[in-house]
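In: Turn this into a model:
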Amino acid sequence: MLSATSSRCVGKTSGGTETTGHIVQALQEESMRRSRWYGSLAFILLSCLVLGGCASQRPAEPIATPDHGGDGLAGVHWRLRQVAGPAGTVAIPASLDSYLEVTSQYAMSGQDGCAFFTATGHRSAQGFTASDVAMTANGCLSDHGARDAARSGFSGILNGQPARVRLSGAQLRLTTGKYTLVFAAAGPLTPSPSAVPT
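Out: Here you go, the predicted structure:
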């Protein structure tokens, strides 16, 4: 089939019929136009991929944030807001009371949505890990929703897997294994009554 642009090249004999030579020439010109068009399209797509790949590489965010002091992780009551994992992203309601607290000496405590836990945290340039984990016995049933997502997300951290830490203002992201936990700063830690000098 000839396009409208190639029909101008097709000649007609005095009897009004097209000659074979003209048809072959028109087909060759159409083929060359398409080849140039596909070549240009391939070049444009390749350029977009190369430039887009470079543009998507963002510089690393700083570990410290001035609002939180120290390295930014410690001294803040972090309320769990979202868990992204293999089953998708799940919003964590405040009613679940799932949180993480880390002191300046990296003593950890929190609530995974069902059980209270304590642990010893270890901070390094590569991330954050927990050891010496102690949890209260839990009798929670599976809810196939926010509670299960929170417990699954915390389990990677509490099982000693290294977590990548990203702080951005009042938001903390901990990524370990297949899960990313997103926390929002809910305020500074308040000392427990036993820690207040008399």
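
In: List the residues that contact Gln161.
Out: Contact analysis of Gln161 by C-beta atoms under 8 Å, 6 or more residues apart in numbering lists 129, 176-177. For the C-beta atoms, the positions are set from N, CA and C on the backbone; glycine is no exception.

In: and it, what element?
Out: Using DSSP states H and E, Gln161 is not contained in any helix or strand.

In: nearest to Gly160, of the contacts of Gln161?
Out: Nearest to Gly160 out of these is Thr129 (C-beta to C-beta; 5.8 Å).

In: now what about the helix or strand hosting that closest one, what contacts it?
Out: Following DSSP H and E, one finds Thr129 within strand 127-135. Applying C-beta under 8 Å, 6+ apart, the contact partners of strand 127-135 are 73, 108, 112, 115-122, 157-165, 174.

In: Please convert the buried members of those residues into PyMOL selection syntax.
Out: Of the contacts of strand 127-135, the buried ones go into a single PyMOL selection, burial set by 16 or more other C-beta atoms under 10 Å:
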select buried, resi 73+108+112+115+117+119+121+157+158+162+163+165+174
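
In: rewinding a little: weed out the non-buried ones from the contacts of Gln161.
Out: For the contacts of Gln161, buried by 16+ other C-beta under 10 Å: 129, 176-177.

In: quick one: which of these is nearest Arg79?
Out: Nearest to Arg79 among these is Thr176, at 18.5 Å by C-beta to C-beta.

In: so what's the closest one scoring on pLDDT?
Out: With respect to pLDDT, Thr176 scores 91.

In: If it is in a bridge, with which residues?
Out: For Thr176, the beta-bridge partners under DSSP bridges are Tyr179.

In: That one and Gln161: what is the separation?
Out: Distance of Thr176 to Gln161, computed by C-beta to C-beta, to the nearest Å: 5 Å.

In: secondary structure element for the residue lying closest to Ala107 once chain neighbours are set aside?
Out: Nearest in space to Ala107, with sequence neighbours left out and distances taken as C-beta to C-beta, 6 or more residues apart in numbering, is Thr120 at 6.5 Å. For Thr120, the element it lies in under DSSP H and E is strand 116-124.

In: quick one: contacts of that strand?
Out: Contacting residues not belonging to strand 116-124 are listed as 71, 73, 102, 106-111, 128-136, 154, 158, 165 [C-beta under 8 Å, 6+ apart].
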